[in-house]
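K.L.:
Let me see the structure of the following:
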Amino acid sequence: MTYIADDVDVIVVGAGHAGCEAALATARLGHSTILFAINLDSVAMMACNPSIGGTSKGHLVRELDALGGEMGKNIDKTYLQIKMLNTSKGPAVHSLRAQADKKRYSEEMTKVITSTPNLKLKQGEVIQILATDGKVTGVKTATDSIYKAKCIILATGTYLKSVCITGDYTVNSGPCGLQSANYLTDSLIDLGIEIYRFKTGTPCRIDKTTVDFSKTDVQTGDEKIIPFSFENYGKDILREQLPCHLTYTNANTHKVILDNLNRSPLYNGSIAGVGPRYCPSIETKLVRFADKERHQIFLEPEGENSNEIYVQGMSSSLPEDVQIDMLRTVPGLENCEVTRIGYAIEYDCINPTQLKLSLELKNVEGLFTAGQINGSSGYEEAAAQGIIAGINAAMKIENKDPLMLDRSDAYIGVLIDDLVTKGTEEPYRMMTSRAEYRLLLRQDNADMRLLEKGHDVGLIPEDRYKRFLHKKQVISQEVERLETTHVGTKPEIQDFLRAYNSVELVSGITLASLIRRPELTYEMLAEIDKERPNLSEDIVDQINIYFKYEGYVQKQKEQVEHFKKLERRLLSSKLDYTKIPSLRAEAIQKLNEIKPTSVGQASRISGVSPADISVLLVYLEQVKRKERE
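P.N.:
Numbering: from 1, shown residues only. Predicted structure coming up:
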């Protein structure tokens, strides 16, 4: 007998960072949603590093917040330490990072989910995607229950046929000893979906009472707190911060590792999955960077009420005895006790070029995927995909156009375009260098870029939207005031300029022109600008950046306009590229496989050359001319 357990609009499989954002988005947009977790204790679990943000990842979190997501608000509630990275460089690469109380982070996210209307949280293993005529109809669980749905979002993280490996010990398990999902992959294969096998890993956790912190360097958080969520102000989330500590490997550490390299599953053939290039294991670091005498090790607290320390920088799948020996060669860790041993984890994921830019599968209508199942790595990358998949599942049910951010809109657009257009042969990590327009895509202006879009789809409530419009108006008015307010050559003005080693005036000048000088800032001008309004720190930052980088920003906007021209040249999904004369065989294969939505997207496909794009543009012009005739 078939048991129909429920019938809803959306089912989200997996309650990690991608699944939480996806389920919250669909539920908040008014659609009945079930969020399945393989274990209810794993909701928004930080299986690896106890932190949110970091270089480029902080951009993703702030963009997610501007669209109406939850990650930024949640880390603001549960951070242990917060810091703006790369402040010695320009604002394009400034990025927030916070240490998290990982238990509280999970608990607070669970509270939000269980108190959200239209959203049910259930423990269960989904083993099959049900579909008819290439369109999803629901899922089947391990207990043979059927749940019907109009759309399904897979956010399975690293659980699909996952295997954890430490030395010679291998166990069929998900992260942190949770059960793996061993059957869903076969259902995806039956639907014609191509599967990859990837690998990631995590380091030991150690008991902080066994660490000699006097031999390490203290790493404190920032005094000036900048929140992840644009809804918060620093003073509102201010709390006592916990320090991290920095230490280093040395020649003895390297000897222990290299002497036992033959026992590493990475080098003896035990691991078949492809690992992350930009977050390698300690043994991979030593092989790849053999000339380095030492490597940084960060000791990061896992929680306010936890004695566990995360040993950032020593991810490893070496045998337990080797991991302990290598740790105890590190200054401060000579007597450390390991609470959890490090491991590598292999898991199934899909080839992301099978996706549309909306994150819906091309060949299975109503099936969306988000997070590590798409070949990405990291909590932030997962959450960013989750909210887009959630929004677009809701848009599909409502027969509306999907929300698709492009590379000039957001880091989220770069992330999804890279995965869908170029694919990935290793776990994909977001980096600032991947964004061509990073001076426009700063973390400080994510609300200016995306909050309107979040409001348009329905995730930004009206009161928050009004506050945003007021902020925009205040910035605009102050910029105009500074451009039209002149100061003369009075002695007090010249004295002020001399005090800051700035060139004295020979005639009047606007306040805006003074801010454009590299040695002066908006804040400094307070003593000669008595009429200025009282502005919040985030608005002051926006004004400084506006005037300091005005010329560079304008040039980048011109580049974006050129980029947009190719993005506006749309391509039909039914276009058969074998019919276009002069296209190279490789280009025909790739274009027919990916089916780009625009000439711009086609130009970014690996294997499609500028010459192929020229041929494509000529063909499109010929078609257009024939249609006119």
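K.L.:
going forward, measure contacts and count neighbours with C-alpha atoms only.
P.N.:
OK.
K.L.:
Okay, domains of the chain per the record?
P.N.:
As recorded under automatic domain parsing, the domains making up the chain are 3-201+347-457, 205-343, 462-553, 569-628.
K.L.:
Please identify the most buried of these.
P.N.:
domain 3-201+347-457 (a mean of 22; mean count of other C-alpha atoms under 10 Å).
K.L.:
Output the below-cut-off pLDDT ranges for the stretch 401-550 of the chain.
P.N.:
Scanning the stretch 401-550 of the chain for pLDDT under 70 picks out no residues.
K.L.:
Same check on the chain?
P.N.:
Where the chain drops to pLDDT under 70, the residues are 1, 268-278.
K.L.:
so which strand or helix has Asp612?
P.N.:
Here Asp612, judged by DSSP states H and E, is contained in helix 610-628.
K.L.:
all strands for the stretch 401-550 of the chain, in order.
P.N.:
Residue ranges of the strands in the stretch 401-550 of the chain, as given by DSSP state E, counting those that start in this stretch, are 486-487, 509-510.
K.L.:
element containing the residue positioned nearest the centre of the chain, please.
P.N.:
With distances taken as C-alpha atoms, centre = their mean, the residue of the chain nearest its centroid is Glu381 (2.7 Å). In this assignment (DSSP H and E), Glu381 forms part of helix 379-397.
K.L.:
so which of the domains of the chain gets nearest Val560?
P.N.:
Distance to Val560, taken as C-alpha to C-alpha, is lowest for domain 3-201+347-457 among the domains of the chain, at 6.4 Å.
K.L.:
now that closest one, how far from the centre of its chain.
P.N.:
When C-alpha coordinates are averaged (C-alpha atoms, centre = their mean, to the nearest Å), domain 3-201+347-457 and its chain have centres 9 Å apart.
K.L.:
distance of the nearest residue to Leu119 once chain neighbours are set aside from Ala149?
P.N.:
Among residues not flanking Leu119 along the chain, Thr33 sits closest, at 4.9 Å (C-alpha to C-alpha, 6 or more residues apart in numbering). Distance of Thr33 to Ala149, given as C-alpha to C-alpha, to the nearest Å: 9 Å.
K.L.:
can you check Ile189 too?
P.N.:
Distance check for Ile189 against Ala149: by C-alpha to C-alpha, it reads 20 Å.
K.L.:
go on, Gly607?
P.N.:
Note on Gly607: its distance to Ala149, by C-alpha to C-alpha, is 38 Å.
K.L.:
cool, Val330 as well?
P.N.:
53 Å.
K.L.:
Same question for Asp190.
P.N.:
19 Å.
K.L.:
I'd like to know the phi and psi angles of Glu231, please.
P.N.:
Phi and psi for Glu231, reported as degrees, to the nearest 10, are phi -80, psi -10.
K.L.:
and it, what does it touch?
P.N.:
Lys73, Arg464 (C-alpha atoms under 8 Å, 6 or more residues apart in numbering).
K.L.:
what about stretch 198-218, distance to the chain center?
P.N.:
Centre-to-centre, stretch 198-218 and its host chain are 24 Å apart (C-alpha atoms, centre = their mean).
K.L.:
The residue of the chain positioned farthest from its centre and Gly14, how far apart?
P.N.:
Distance from the centre of the chain peaks at Pro491, with 51.9 Å (C-alpha atoms, centre = their mean). From Pro491 across to Gly14, the span is 67 Å (C-alpha to C-alpha).
K.L.:
ditto for Ala382
P.N.:
Taking C-alpha to C-alpha as the measure, Ala382 falls 11 Å from Gly14.
K.L.:
show me where the stretch 201-350 of the chain has strands.
P.N.:
Along the stretch 201-350 of the chain, counting by DSSP E, counting those that start in this stretch, strands occupy 205-207, 217-219, 244-248, 296-301, 308-312, 338-340, 343-350.
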